[in-house]
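Undergrad: Build the 3D model from these lines:
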Amino acid sequence: MNVNIRWVDSEQVTDENAREHLSGVDGVLVPGGFGDRGIEGMIASIRYARENHIPFFGICLGMQMAVVEFARHVAGIEDAHSSELSDTENPVIDLMPEQRDVTDKGGTMRLGAYPCKITSENTFTYQAYREPVIYERHRHRYEFNNDYKDRYEAAGMKCVGINPESDLVEIVEIPTLKWFVGTQFHPEYGSTVLNPHPLFVAFVKAAIENEK
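TA: Numbers count the residues shown, from 1 in each chain. This next block holds a predicted model:
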């Protein structure tokens, strides 16, 4: 079975036309990136996937916007945003503490491989890896804001991947959906045609099942 990709320009997507752009897809992937271009369209696309139980995979910025979308439309934090993109009073995505005094950006982002402990075997992520501790590569400055963690957990978004050294949230899931995973790290860095990353394999499998 071939994977047919429908490229969608998030600058063109709104809550009002998301169905027009995404109707008929079996999975939605929102990748990483920088800047505020197309951000609200990403959020609208994620909302459409979540509300219509379409398998979703968010990578880095895609994961962060899934966190923002869930805060706004499920957890009741209407002005939730990333402090990278907004002066919101509810920065559910915020600058890492060790980055606050950095003025010379250069190569100072969180880079390289870090450990991540998967909190339960009963998660989409564990079912993909079959390992309790994984190592994945990062490239970012902003992270899930742990001040909001309890509110997310109570509302139904679970923090299922945690850095054991810094307590940073690396993976979020919504377990009541068919397949909904967001990762702060970049699985594409460790994926090849002959050896695809387990999360990409799991996402495609979920999309196939959704198509059926």
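Undergrad: What does the most centrally placed residue in the chain show for phi and psi?
TA: Most central in the chain under CA atoms, centre = their mean is Met63, positioned 1.7 Å from the mean C-alpha point. Torsion angles at Met63 (phi, psi; degrees, to the nearest 10) stand at phi -70, psi -40.
Undergrad: after the helix or strand bottoming out on mean pLDDT in the chain, next one along is what?
TA: One helix or strand of the chain scores below all others by mean pLDDT, DSSP states H and E: strand 110-118, with a mean of 82. The first helix or strand that comes after strand 110-118 along the chain, using DSSP states H and E, is helix 124-129.
Undergrad: gap between that following helix and the chain center?
TA: Distance, stretch centre to chain centre, for helix 124-129: 15 Å (CA atoms, centre = their mean, to the nearest Å).
Undergrad: Let's test this: mean pLDDT of that helix, rounded?
TA: Taken as a whole, helix 124-129 carries a mean pLDDT of 98.
Undergrad: then that helix to CSV, C-alphas only?
TA: The C-alpha coordinates for helix 124-129 follow below in CSV (Å, rounded to 0.1, in the frame of the first residue of the first chain):
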residue,chain,number,x,y,z
PHE,A,124,0.8,4.7,21.7
THR,A,125,4.5,5.5,22.1
TYR,A,126,5.4,2.4,24.0
GLN,A,127,3.6,0.3,21.6
ALA,A,128,5.7,1.8,18.8
TYR,A,129,9.1,1.5,20.6
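Undergrad: Just the buried residues of that helix, please?
TA: Phe124, Thr125, Tyr126, Ala128, Tyr129 (16 or more other CB atoms under 10 Å). The way it works is simple: take the backbone N, C-alpha and C, and place the C-beta from them, glycine included.
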